[in-house]
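Asker: Return a 3D structure for these sequence lines:
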Amino acid sequence: MLPQRILARRLPQVAARHAIATRAAFSQMPALRSTADIEDPHQNNNYPNPPRVKRQFRDPHGGWWDAQEKRNFGEPVHEDNEVLGVFSPEQYTHVSAGKGFLHLGAFVVAFLSLVGVVSIYHPDKPTVPKTYEDGLEKELGGPNALPARKAGEDKW
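Answerer: Take a look at the predicted model:
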């Protein structure tokens, strides 16, 4: 009974509080301004930002001051240097996606054709079962023992 009274009295106040639309302090309105309004287009105090080129694609014999990182002394560093540097994962450019799928398809076709040829020419049993005269009745335990294959039998 008590919670119903509290809810009946507090519910209109809570609903009225949430019905008023307030503008958030983190609104994206400044991001919608045109680029002409921005004073610093680079937003890094006009630090020169070199072109985005991975160090992997630079000439390895270019006479660099830092041969490992392929940089010259005083050359500005790109803001994404950790992605473009030598120690980032290399970009795979050796084979295109279409040629890779062609290689994969050729492998699957070759493997399945090899499996098909082996299944056609491979015999079910590699050897002929050995037969014994009288089925080795005495050697396998006498007249009440389970019989082995006899000379004229074709099946087990």
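
Asker: and stretch 60-77, which residues are buried?
Answerer: Buried positions in stretch 60-77, judged by neighbour count with 16 or more other CB atoms under 10 Å: 64, 69, 70, 71. Placement of C-beta: from N, CA and C, glycine included.

Asker: if you average pLDDT over stretch 143-153, what comes out?
Answerer: Stretch 143-153 comes out with an average pLDDT of 72.

Asker: neighbouring contacts of it?
Answerer: Contact with stretch 143-153 is made by 129, 131, 132, 133, 134, 135, 136, 137, 140, 156, as judged by CB atoms under 8 Å, 6 or more residues apart in numbering.

Asker: What's the local residue count around residue 84?
Answerer: By other CB atoms under 10 Å, 18 other residues sit near residue 84.

Asker: re earlier: for the contacts of stretch 143-153, which one is nearest residue 118?
Answerer: The nearest member of those to residue 118, counting by CB to CB, is residue 129 at 23.1 Å.

Asker: Now do the same for the closest residue to that closest one other than its chain neighbours: helix, strand or coil?
Answerer: Once flanking residues are discounted, residue 129 sits nearest to residue 149: 6.5 Å by CB to CB, 6 or more residues apart in numbering. Judged by DSSP: H, G, I helix; E, B strand; the rest coil, the three-state class of residue 149 is coil.
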